[in-house]
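1. coordinates only, sequence not included:
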């Protein structure tokens with residue numbers, strides 16, 4: 001497995017924030033946390049590639065949003081936030097080493113944080129960043145590879161993956177306050193504790209589950225299901241609505 005990451009920007013304090021209040025971000029601490037995040041991925045057997053092409057873009061560290069990467073193809077996003085429109089082009093050169101590239105273009109918008117792949121289904125959030133036109137553009141590419149799109153309107157959070165990610169047994173870890181779980185019928189839904197509303201964003205890495213370190217109760221829920229768990233401190237990124245998945249594009253190498 002390969003993880004494409006991006007160094008934090010010195011301008012990170014200026015990054016977009018939609019559903020959280022602005023709080024000061026310690027750039028030095030964020031940089032140290034990012035180094036540790038990459039180290040944790042490497043300890044799980046992942047080959048980490050760290051980019052530095054979008055350093056002047058405040059949100060560049062949240063590289064997941066720039067593309068939707070499947071086993072067969074990569075689709076460059078059309079970013080819902082105008083301030084992020086330049087980011088995908090910077091990531092494209094690296095992605096082209098691993099996948100055939102397609103692009104979604106404005107006015108359609110879609111971001112990688114709104115697309116969760118579970119088998120041959122793509123759960124796609126309709127959010128403040130992803131429109132129906134963006135979903136339609138993605139579907140035009142992926143249907144030739146046999147993927148089914150499931151629309152999931154989200155509320156109160158930035159992306160679908162803020163509210164829903166997948167566990168190793170193909171169940172969904174969810175915050176049901178942020179989307180209607182009836183939309184994802186056919187999947188077992190595992191709710192996060194109400195005291196940890198941001199904890200539904202986890203990443204599958206090396207056969208285990210990577211969780212933000214402050215989500216202690218959720219770590220227990222996941223371990224009770226027989227999963228290996230690793231944790232990493234992402235407190236500075238949480239101030240910018242970022243979670244575990246946001247900081248990397250995970251893909252299987254050929």
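-> Good, I have the coordinates. The structure presented is a predicted model; accordingly, all values stated were derived computationally and were not measured.

2. for residue 191, grab phi and psi.
-> Residue 191 adopts backbone torsions of phi -80, psi 140, taken as degrees, to the nearest 10.

3. what does the pLDDT read for the closest residue to residue 47 other than its chain neighbours?
-> Setting aside the residues directly before and after it, residue 47 is nearest to residue 2 in space (C-beta to C-beta, 6 or more residues apart in numbering), at 5.0 Å. No exception for glycine: its C-beta is placed from N, CA and C like everyone else's. Here the pLDDT value assigned to residue 2 is 96.

4. over to the one 5 residues further on?
-> Residue-level confidence at residue 7 comes out at 98, pLDDT.

5. ok, now how distant is the residue lying closest to residue 216 once chain neighbours are set aside from residue 202?
-> Closest residue in space to residue 216, ignoring its immediate chain neighbours: residue 196 at 7.9 Å, by C-beta to C-beta, 6+ apart. Going from residue 196 to residue 202 by C-beta to C-beta, to the nearest Å gives 11 Å.

6. who has more neighbours out of those two?
-> Neighbour totals were compared for residue 196 and residue 202, and residue 202 leads with 26 against 18 (other C-beta atoms under 10 Å).

7. tell me where the model's unsure across the stretch 151-254 of the chain.
-> Residues of the stretch 151-254 of the chain that meet the criterion pLDDT under 70 lie in 254.

8. could you pull out the helices for it?
-> For the stretch 151-254 of the chain, the helices defined by DSSP state H, counting those that start in this stretch occupy 160-163, 216-224, 235-238.

9. could I get those helices as CSV with distance to residue 246 and mean neighbour count?
-> What follows is those, written out as CSV (distance: least, C-beta to C-beta, whole Å; neighbours: other C-beta atoms under 10 Å):
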stretch, distance to residue 246, mean neighbour count
helix 160-163, 8, 28
helix 216-224, 17, 16
helix 235-238, 7, 20
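
10. strands of the stretch 1-150 of the chain, residue ranges please.
-> 2-6, 47-51, 67-69, 73-76, 100-103, 115-118, 121-126, 148-153 (DSSP state E, counting those that start in this stretch).

11. so what's the nearest residue to residue 52 once chain neighbours are set aside up against?
-> Leaving aside its sequence neighbours, residue 52 sits nearest to residue 7 (C-beta to C-beta, 6+ apart; 5.3 Å). Applying C-beta atoms under 8 Å, 6 or more residues apart in numbering to residue 7 gives the contacts 31, 34, 50, 51, 52, 55, 60, 61.

12. okay, the fifth one: pLDDT?
-> This means residue 52. 97.

13. surely it meets residue 5?
-> No: here residue 52 lies out of contact with residue 5, judged by C-beta atoms under 8 Å, at a distance of 10.2 Å.

14. so between the two, which is more surrounded?
-> With neighbours defined as other C-beta under 10 Å, residue 52 and residue 5 compare such that residue 5 has more, 21 against 10.

15. residue 64 contacts residue 243, doesn't it?
-> No: the pair residue 64 / residue 243 is not scored as a contact, 9.4 Å apart, by C-beta under 8 Å.
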